[in-house]
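Enquirer: quick one, fold the following:
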Amino acid sequence: MRVACVTMVWRDHHFLDLWVRYYGALFGRTSLYVLSHGGEPEIARIAEGCNVIAIPRDPPDARFDETRWEMLSDIASGLVRYHDRVIVGDVDELIISLTPGEDLASHLAAAELGPVTAPAGYELFPEDELPLDLARPVLQQCPSGVLSASYSKPGILTAPARLTAGGHGVRQPFDLRPELALLHLRFLNTPELVARRRQRQEIAREASLGSDRSQAAFLRGWRRAEEVREKIAARFHAGDIVPSAEAPERARQVLEAARKRKGDGHQFSVPKVREQDFRILLDPALRELF
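Expert: Numbers count the residues shown, from 1 in each chain. Okay, the predicted model is just below:
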C-alpha cells in the first residue's frame with residue numbers, strides 16, 4: 001500500500017515538525033511532499049528526507065486560497081497515479097484512526113475507499129489558557145475537540161479530484177468515514193501560534209486593501225482570528241462530551257444530514273452541524289499518538 005501525504009507551509013515550524021514526525025513514522029519521509037512557500041531554509045531542515053518543493057512567495061491577495069488549493073489539487077491528483085491513497089491538507093491538520101490499537105496506516109490499508117473520502121473533523125481546544133508544553137504529547141494536554149463542518153475535509157484521494165478553496169469541499173460527491181478523525185490544531189496555546197494569528201490578521205488587512213474581493217473567506221477568517229477563536233471556545237465548552245468510541249456514529253448522523261452544495265462544490269453545512277455538534281473526548285490510548 002503506497003500512501004503519499006501533501007501539505008503546503010510558510011513558517012509554522014512547530015506544526016511542520018509535528019506533521020513530519022507523525023506521518024513520517026506511519027508512511028516514511030520519502031512519502032511526504034512539503035510545498036515550501038518561499039523556500040525558507042528552516043522548512044527544508046525540518047523536512048529533511050521528505051520531498052520538499054520550494055515555490056515563490058508572492059504577497060497574498062484575495063484569491064490566495066483558491067490559487068493554493070488549485071495547486072494542491074493538481075499535485076495530489078498527480079500523485080494518485082503512483083500511490084494507492086493520497087492525503088492532502090494543511091500542516092496543522094492530522095488524521096487519526098479512532099480505534100485504539102489501529103493506526104491510520106493499518107486503517108487505510110484495510111479500507112475500501114471511493115475516489116474521495118472525508119474523515120470527521122474536530123477543532124482541538126485546550127481546557128485552559130496555560131501554554132502548551134512542547135516536550136509532552138499534544139493529545140495528552142488537549143484530548144478533546146468540537147465537531148466541525150469546515151474541517152470534515154474531503155482530503156483522502158484515490159483518484160484525481162478538484163478541491164475547493166481551503167480544502168473544505170470538492171467538485172464531486174465524496175464519502176464520509178467518521179471512524180477517522182481530522183484533528184485541527186490551530187487553537188493550541190503555543191507562542192508561535194499566538195504570534196501567527198496576529199501576523200495573519202495583518203496579512204489579511206493588507207491583502208484586502210483596494211480589493212473587490214475583500215470578503216474572501218480566508219481573509220475574513222484571518223482578520224477575525226480572535227473573534228473566531230472565542231466563538232469556537234464557547235461551542236467547545238458548551239458541547240455534550242462524547243467518548244471517542246461513540247463519536248463515529250454520532251458524527252455520521254450529524255454530518256450526513258448536513259451535506260450541501262455550495263457553487264460547484266460538495267461540502268457540509270456549517271449552521272446545520274452547529275445545531276448538533278458535540279465534544280469528542282479521546283480514549284487515553286489515543287493520546288499517545290502525537
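Enquirer: pretty sure Tyr126 is in a strand, no?
Expert: Check again: residue 126 is Pro, not Tyr. No - applying DSSP: H, G, I helix; E, B strand; the rest coil, one finds Pro126 to be coil, outside a strand.
Enquirer: that one: neighbouring residues, count only.
Expert: 17 (other Cβ atoms under 10 Å). All C-beta spots, glycine's among them, are computed from the backbone N, C-alpha and C.
Enquirer: surely it and Asn189 touch.
Expert: Yes - here Pro126 reaches Asn189: they are 5.4 Å apart, a contact under Cβ atoms under 8 Å.
Enquirer: which SS class is Glu230?
Expert: helix.
Enquirer: give me the distance between it and Ile203.
Expert: Note on Glu230: its distance to Ile203, by Cβ to Cβ, to the nearest Å, is 21 Å.
Enquirer: of those two, who's got more company?
Expert: Higher neighbour count among Glu230 and Ile203: Ile203, with 17 against 10, using other Cβ under 10 Å.
Enquirer: go ahead and confirm that one touches Asp61.
Expert: No - the pair Ile203 / Asp61 is not scored as a contact, 10.4 Å apart, by Cβ under 8 Å.
Enquirer: can you measure across stretch 239-249, start residue to end residue?
Expert: 16 Å (Cα to Cα, to the nearest Å).
Enquirer: neighbouring contacts of it?
Expert: Residues outside stretch 239-249 that contact it (Cβ atoms under 8 Å, 6 or more residues apart in numbering): 98, 120, 144, 146-147, 178-179, 181, 250, 277-283, 286.
Enquirer: looking at those, which are in helices?
Expert: Arg250 (DSSP state H).
Enquirer: now, the contacts of stretch 239-249 that are in strands?
Expert: Those of the contacts of stretch 239-249 mapping onto strands are 120, 144, 146-147, 178-179, 181, 279-281, per DSSP state E.
Enquirer: list just the nearest of these to Glu70.
Expert: Nearest to Glu70 among the ones in strands among the contacts of stretch 239-249 is Ala120, at 25.6 Å by Cβ to Cβ.
Enquirer: how many neighbours does that closest one have?
Expert: Neighbour tally, Ala120, other Cβ under 10 Å: 26.
Enquirer: so it bridges to which residues?
Expert: Judged by DSSP bridges, the bridge partners of Ala120 are Ala181.
Enquirer: before we move on, the earlier item: for PyMOL, write a command that selects the buried ones of the ones in strands among the contacts of stretch 239-249.
Expert: To isolate the buried subset of these in PyMOL, counting by 16 or more other Cβ atoms under 10 Å, use the following:
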select buried, resi 120+144+146+147+178+179+181+279+280+281
